[in-house]
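**Student:** When you get a sec, could you give me coordinates for this:
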Amino acid sequence: MTTTTLAVLVPLLPFLGAVAGLLLGRTAPGFVRPLAVLPVLASLALAVSVAVDQGGGLAIDSHTELTPTGSVPIELGLHIDGFAALVAVLVGVVATCVQIYSTGYLRDDPRYPSYAALVSLFTSAMLLVVYSGDLMVLLVGWEIMGICSYFLVGHYWETPEARAASLKAFLVTKLGDVPFLIGLFALATDAGSFRITTVLGAVASGGLHHPTLVALLLLAGVAGKSALFPLHTWLPDAMAGPTPVSALIHAATMVAAGIYFVARLLPVFQASAAAMVVLAVMAGVTMVGSGLAALAQDDIKRVLAYSTIGQLGYMAGALAVGDRGAAVFHLLAHGAFKALLFLAAGVIIHASGTNSLAVMSRMKDLRLRVPDAFWTMTVALLALAAIPPFSGFFSKEAVLGAAEHVATGHTEHAPGAAGWIVLVTGLVTAVLTAAYATRLWLLAFRGHGAEAPDHGRQPVTMTAVLWVLAIPSLVFGLAFGPLPDWFDGRDLTPVLTTSVLGTGLALVGGIVTYGAWRHTTASAARVPLGAVAAHPDADAGHVEAEAIAAHEPAFGDVARASDPADPGRLLLGPLHRHAAVGFHLDTVYSVLFVRPVQAGATLVRFLDREVVDTYVRGAGALPRWLGTAVRRAQTGNVQTYVSALLAGTVVLVVAALLVATGA
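**Tutor:** As a prediction, the model looks like this:
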């Protein structure tokens with residue numbers, strides 16, 4: 001079987017599994033779990049085989065025209081280079097782990113068949129994006145992921161939070177997809193083709209007539225799909241979906257698609273220095289803003305969501321300085337440890353019965369209840385904080401090193417301003433990342449108070465995949481040596497300056513957070529429990545209901561985000577209140593967009609009901625009134641008719657006399 005045939009089967013198998021799962025979900029429930037796991041597992045095996053065959057060498061290209069369009073052709077094509085081969089393996093690994101994990105996590109969910117089918121379809125769509133050699137075919141996978149995220153985020157549709165989150169995710173991403181589609185058409189018009197290789201050839205020959213406009217239009221779609229500022233607000237709310245869905249979206253699909261798209265078409269963006277600076281600013285604001293917001297969140301999944309936004313900022317920063325090797329390196333490393341973080345969080349939520357870190361901080365010995373989650377999440381958090389020798393250290397230092405090279409003028413792949421923006425904000429984010437990672441670990445595993453509730457042992461399908469993902473989280477960073485052969489050949493070895501700065505700042509962030517935690521813990525021990533509950537700055541908190549268990553907080557409303565034992569409140573000070581709500585960006589959008597649209601809709605409804613409907617009702621009423629008048633005149637009395645005739649005759653005679661007299 002040829003490599004091209006294997007590559008076609010990689011996205012096709014999960015798609016067929018999704019179709020079969022939907023058809024047999026009710027009639028043959030015993031086949032649901034095998035149909036959820038086996039096609040994705042087989043797709044992973046084929047993706048590995050394709051990666052081995054590709055071997056980091058020349059790209060595998062194959063294409064056939066779908067149908068004549070009369071203008072720019074649309075082709076069903078494959079373009080598999082080193083980037084695509086490795087990203088497809090990442091998607092397969094994470095999707096397989098998520099499907100296996102979900103068999104235990106959602107074992108009692110009545111909607112598991114449709115859930116599993118949508119996850120497979122989601123996986124198939126992302127693999128189509130990764131392997132596609134034609135931009136219009138890529139767009140198909142891009143949009144399928146959008147609709148899959150809508151259904152999966154809204155899986156618990158009985159809750160208003162899930163319904164609102166799914167709708168928000170769909171609308172915000174579609175807001176970016178409109179200019180994205182226009183940008184694709186403009187790009188194909190200039191290049192004369194949707195084929196990626198042809199587009200890149202046109203860029204190399206200077207064939208783009210409006211590079212800045214095209215790049216900015218495409219960046220709008222990337223910002224929506226990959227949750228970059230200013231279209232990132234949907235991602236934290238998407239935590240209302242099942243935790244395995246969060247792992248899939250954050251680690252290997254959806255948000256990774258935008259970064260991968262820019263990496264695949266990076267020369268298009270490099271053709272415009274202004275676009276590269278805009279991307280750098282987007283990355284910098286995304287990194288710092290999400291780091292501050294993560295430090296103020298009480299919901300463990302929202303902390304991880306803002307963490308994902310920050311790491312996507314690092315990837316976008318690497319692209320802004322023209323190093324797609326560093327961007328994809330961090331994409332791969334992040335995919336492993338972020339999937340591990342979410343799946344471990346699901347185990348913790350299952351064991352503790354709550355999403356609230358403040359409630360967990362009141363539980364003693366929670367780490368003893370979930371030893372697998374404790375050890376593997378510790379590994380993942382160290383990787384997230386970029387502590388050597390964990391994978392996140394090497395991939396994040398590749399980003400900072402690339403930014404340092406551009407900032408100091410050692411390379412001309414991007415404007416120097418972009419390098420300084422990414423370098424400075426990346427170092428600031430290193431402090432914040434270590435701080436919120438340390439805070440999460442302390443509040444979740446070093447709690448004091450009552451015994452943690454016993455919700456029983458977690459299924460082995462939930463704990464086994466944690467150890468599978470812990471391996472790349474620990475050692476994948478060591479692949480910085482051979483990876484350049486799969487990418488652009490640029491060295492990914494950590495740079496001494498940024499390695500020392502980044503690691504030193506991360507250690508400072510962790511140590512300061514630990515000190516703040518010790519201080520606030522000591523203060524909390526002196527505060528009566530009732531005083532804590534009645535704290536004047538109490539936040540609403542976020543305790544989500546999961547379908548797999550009756551996740552009622554074991555301690556009621558006692559410990560919330562306002563708990564004085566939270567080091568994030570001490571570190572952020574007056575900024576905490578604003579960071580906890582994402583710096584009011586949703587409110588800004590509500591004022592600028594939602595309310596004007598609602599006001600316009602209200603006006604249109606008024607005009608439709610009170611003006612247009614009035615004319616319609618009048619058009620029907622006037623003939624009815626005339627008919628009534630005529631019907632009343634038809635009495636059937638001959639004397640009445642003769643009298644009316646004589647009266648009319650008299651009127652005509654009088655009118656004639658008046659006319660004659662006037663003449």
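
**Student:** Any idea which helix or strand in the protein has the lowest mean pLDDT?
**Tutor:** helix 529-533 (a mean of 37; mean pLDDT, DSSP states H and E).

**Student:** Following element in sequence after it, please.
**Tutor:** helix 567-572 (DSSP states H and E).

**Student:** Tell me which residues are up against that next one.
**Tutor:** Applying Cβ atoms under 8 Å, 6 or more residues apart in numbering, the contact partners of helix 567-572 are 292, 295-297, 435-436, 439, 442, 512-514, 516-517, 519-520, 561-562, 576, 579. All C-beta atoms are positioned from the backbone trio N, CA, C, and that covers glycine.

**Student:** Cross those residues against helices and list the overlap.
**Tutor:** Secondary structure from DSSP state H places 292, 435-436, 439, 442, 512-514, 516-517, 519-520, 576, 579 of these in helices.

**Student:** Hmm, which of those residues is lowest in pLDDT?
**Tutor:** Across the ones in helices among the contacts of helix 567-572, the bottom pLDDT score, 86, is held by residue 520.

**Student:** quick one, what contacts that residue?
**Tutor:** For residue 520, the contact set (Cβ under 8 Å, 6+ apart) comprises 564-567, 569-570.

**Student:** ok so, going back, would you mind checking the contacts of helix 567-572 for buried ones?
**Tutor:** Applying 16 or more other Cβ atoms under 10 Å to the contacts of helix 567-572, the neighbour count classes 292, 295-297, 435-436, 439, 442, 512-514, 516-517, 520, 561-562, 576, 579 as buried.

**Student:** where does residue 308 land on pLDDT?
**Tutor:** Residue 308 is given a pLDDT of 97.

**Student:** now do the one 4 residues further on
**Tutor:** At residue 312 the predicted local distance difference test score is 97.

**Student:** Ok, residue 535 next?
**Tutor:** If you check residue 535, the pLDDT there is 33.

**Student:** for residue 71, same thing?
**Tutor:** The predicted local confidence for residue 71 is 76.

**Student:** Give me the three-state assignment for it.
**Tutor:** coil (DSSP: H, G, I helix; E, B strand; the rest coil).

**Student:** Need the phi and psi values for it.
**Tutor:** Main-chain dihedrals, residue 71, degrees, to the nearest 10: phi -140, psi -110.

**Student:** Over to residue 389?
**Tutor:** phi -100, psi 30.

**Student:** Relative to residue 393, how far out is the nearest residue to it once chain neighbours are set aside?
**Tutor:** Of all residues not flanking residue 389 in the chain, residue 477 sits nearest, at 6.8 Å (Cβ to Cβ, 6 or more residues apart in numbering). Computed with Cβ to Cβ, to the nearest Å, the distance linking residue 477 and residue 393 is 6 Å.

**Student:** Now the common contact residues for the two.
**Tutor:** Joint contacts of residue 477 and residue 393 (Cβ under 8 Å, 6+ apart) are residue 383.

**Student:** Neighbour count: those two, which is higher?
**Tutor:** Legend: neighbour count by other Cβ atoms under 10 Å for residue 477 and residue 393, higher for residue 477 (29 against 23).

**Student:** Assumed that one was part of a helix.
**Tutor:** Yes. Counting by three-state DSSP, residue 477 is found in a helix.

**Student:** correct me, but it touches residue 386?
**Tutor:** No. Contact criterion Cβ atoms under 8 Å: residue 477 and residue 386 do not qualify, at 9.4 Å.

**Student:** what sits in contact with each of those two?
**Tutor:** Residues within reach of residue 477 and of residue 386 at once, by Cβ under 8 Å, 6+ apart, are 392-393.

**Student:** so who does the closest residue in space to residue 320 that isn't next to it in sequence touch?
**Tutor:** Distances taken as Cβ to Cβ, 6+ apart put residue 280 closest to residue 320, at 3.8 Å, once the chain neighbours are dropped. Listed by Cβ under 8 Å, 6+ apart, the contact set of residue 280 reads 317, 320-321, 414, 417-419, 421-422.

**Student:** Lowest-confidence entry in these?
**Tutor:** Among those, pLDDT bottoms out at residue 414, giving 90.

**Student:** What separation do you get for that one and residue 326?
**Tutor:** 12 Å.

**Student:** next one: residue 232
**Tutor:** Distance of residue 232 to residue 326, computed by Cβ to Cβ: 21 Å.

**Student:** Likewise for residue 164?
**Tutor:** In terms of Cβ to Cβ, residue 164 sits 36 Å off from residue 326.

**Student:** Those two: which has the busier surroundings?
**Tutor:** Higher neighbour count among residue 164 and residue 326: residue 326, with 31 against 14, using other Cβ under 10 Å.

**Student:** Give me the local confidence score for that one.
**Tutor:** What the model reports for residue 326 is a pLDDT of 96.

**Student:** pretty sure it contacts residue 395?
**Tutor:** Yes. Look at residue 326 against residue 395 with Cβ under 8 Å: they come within range, at 7.5 Å.

**Student:** Helix, strand, or coil at the closest residue to residue 137 other than its chain neighbours?
**Tutor:** Excluding its sequence neighbours, the residue lying closest to residue 137 (Cβ to Cβ, 6+ apart) is residue 76, at 6.0 Å. Put simply, residue 76 is strand when judged by three-state DSSP.

**Student:** Same question for residue 492.
**Tutor:** coil.

**Student:** which ones are touching it?
**Tutor:** 325-326, 329, 394, 398, 480-481, 483-484.

**Student:** want to throw these into JSON lines with distance to residue 177 and secondary structure?
**Tutor:** Below are those laid out as JSON lines (distance: Cβ to Cβ, whole Å; DSSP: H, G, I helix; E, B strand; the rest coil):
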{"residue": "325", "distance to residue 177": "28", "secondary structure": "helix"}
{"residue": "326", "distance to residue 177": "27", "secondary structure": "helix"}
{"residue": "329", "distance to residue 177": "27", "secondary structure": "helix"}
{"residue": "394", "distance to residue 177": "34", "secondary structure": "helix"}
{"residue": "398", "distance to residue 177": "30", "secondary structure": "helix"}
{"residue": "480", "distance to residue 177": "35", "secondary structure": "helix"}
{"residue": "481", "distance to residue 177": "38", "secondary structure": "coil"}
{"residue": "483", "distance to residue 177": "31", "secondary structure": "helix"}
{"residue": "484", "distance to residue 177": "33", "secondary structure": "helix"}
